[in-house]
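Colleague: Structural data only, the sequence is not supplied:
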């Protein structure tokens, strides 16, 4: 643990009463149980969560599982850390207290009551959002108190008393929680609700736009009905709004992450992929491909492959000068999934246009494919690589295959 284990190596001894009796490490959030013993919050919570009902030190039954923060001891520990910082001891931060269910219920009641002044309701949702940001445990407590039902009611309310700011704050809080299928259907089954979310994709605030895209992705991914998913992706301007988020400057990285998740979810509906192409998704994907994190690169390449399966998408990707070189370059660099998606996209592009074949060969696809078919990648990726080798046979330079020992010993079927 930072600030506790390392100092022991340089001769700093942690005072006995600063150590947690369970972990024997410096306490960061000391709490006292009903027996009067003090433990680090994480340790005693783990002890109780595994089914223990006694105090670890005294072995007495815990008559009450309430954990009372020991502020005095925590301040003493912080002072000790500061006094020993020359030895590399880091000061423990002041812990944020977990959400009190009674407080959350009170705040939800304030938020849901239309008779309350607007500023009271706005203050309530902001306080709940602040608690939700603090920890996973807080979000779990808040989620268990029907917060989603209240937030959905506020977000899609027709009441003039519900201000735009109140709705935007409710949206920001709502996307912090997963929705049940029935809640997703509640949103997806009403065209007016989906149209409202689509309109928020063009809001002046990038945070509101990204939160709207996040909720759209949650709803699409959580709706089993193909008809409802198609209905959502068919809403006017929805692809344009999502694509616009993808193009947002990198100073707001969450836009990129949420944007690609939403675009991928929408593109799973085959009949509306042409709308993504028309909205400029192809240029956005290629221009942003190098900026995604690993898991998002996989999603981006999966989306590229999906769009390459429709004629308009294939033509648009072929027309972009960087598409084929980027796919060839990235095909073995990210993950097995990414390899499979990149190979699938290249197969579609090269099957549709000889120009893409020539670009792939010029970018060095031969070496990449030979490495791929002999690697431990997925069988689907190998199959796509073999099909690509066969497809590109007539495009190789005359001496490239004949002089390749690798090709001779590969498991590519003869053709």
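Modeller: Alright, I've got the coordinates. Keep in mind the model is a prediction, meaning the values are calculated, not measured. Numbering: from 1, shown residues only.

Colleague: What sits closest to residue 271 if chain neighbours are left out?
Modeller: residue 230 (6.3 Å; Cβ to Cβ, 6 or more residues apart in numbering). Using the backbone N, CA and C atoms, a C-beta is placed for each residue, glycine as well.

Colleague: Quick check: the gap between residue 120 and residue 166.
Modeller: 10 Å (Cβ to Cβ, to the nearest Å).

Colleague: Between those two, point out the one with more neighbours.
Modeller: Under the criterion of other Cβ atoms under 10 Å, the comparison of residue 120 against residue 166 puts residue 166 first, with 21 against 12.

Colleague: outside of the strand or helix carrying the more buried one, which residues touch it?
Modeller: Element membership for residue 166 (DSSP states H and E) is helix 164-174. Surrounding helix 164-174, the residues in contact under the criterion Cβ atoms under 8 Å, 6 or more residues apart in numbering are 111, 118, 121-122, 125-126, 128-129, 132, 147-148, 151-152, 154-155, 157, 200, 203, 205, 207-208, 211-212, 215.

Colleague: give me that answer again for 6 Å
Modeller: 121, 122, 125, 126, 129, 151, 154, 155, 208, 211 (Cβ atoms under 6 Å, 6 or more residues apart in numbering).

Colleague: So which of those residues belong to strands?
Modeller: Among the contacts of helix 164-174, no member is found in strands (DSSP state E).

Colleague: Just the ones of the residues you listed in helices?
Modeller: 121, 122, 125, 126, 129, 151, 154, 155, 208, 211 (DSSP state H).

Colleague: just to revisit the earlier point, chain center to the helix holding residue 166: distance?
Modeller: Offset of helix 164-174 from its chain centre (Cα atoms, centre = their mean, to the nearest Å): 20 Å.

Colleague: Average pLDDT for that helix, rounded please.
Modeller: If you average the pLDDT over helix 164-174, you get 94.

Colleague: Check which helices and strands the following helix or strand past it sits against.
Modeller: Proceeding N to C from helix 164-174, the next assigned helix or strand is helix 181-188, under DSSP H and E. If you count contacts as 3 or more Cβ pairs under 6 Å, 6 or more residues apart in numbering; DSSP states H and E, helix 181-188 packs onto helix 206-222.

Colleague: What mean pLDDT does the helix or strand following the helix it packs on get?
Modeller: Using DSSP H and E, the next helix or strand after helix 206-222 towards the C-terminus is helix 226-233. Average pLDDT, helix 226-233: 90.

Colleague: Equivalent analysis for stretch 385-399, please.
Modeller: For stretch 385-399, the mean pLDDT works out to 74.

Colleague: How far off centre is the helix or strand harbouring residue 79?
Modeller: Element membership of residue 79, judged by DSSP H and E, is helix 71-83. In terms of Cα atoms, centre = their mean, the centre of helix 71-83 is set 36 Å apart from its chain centre.
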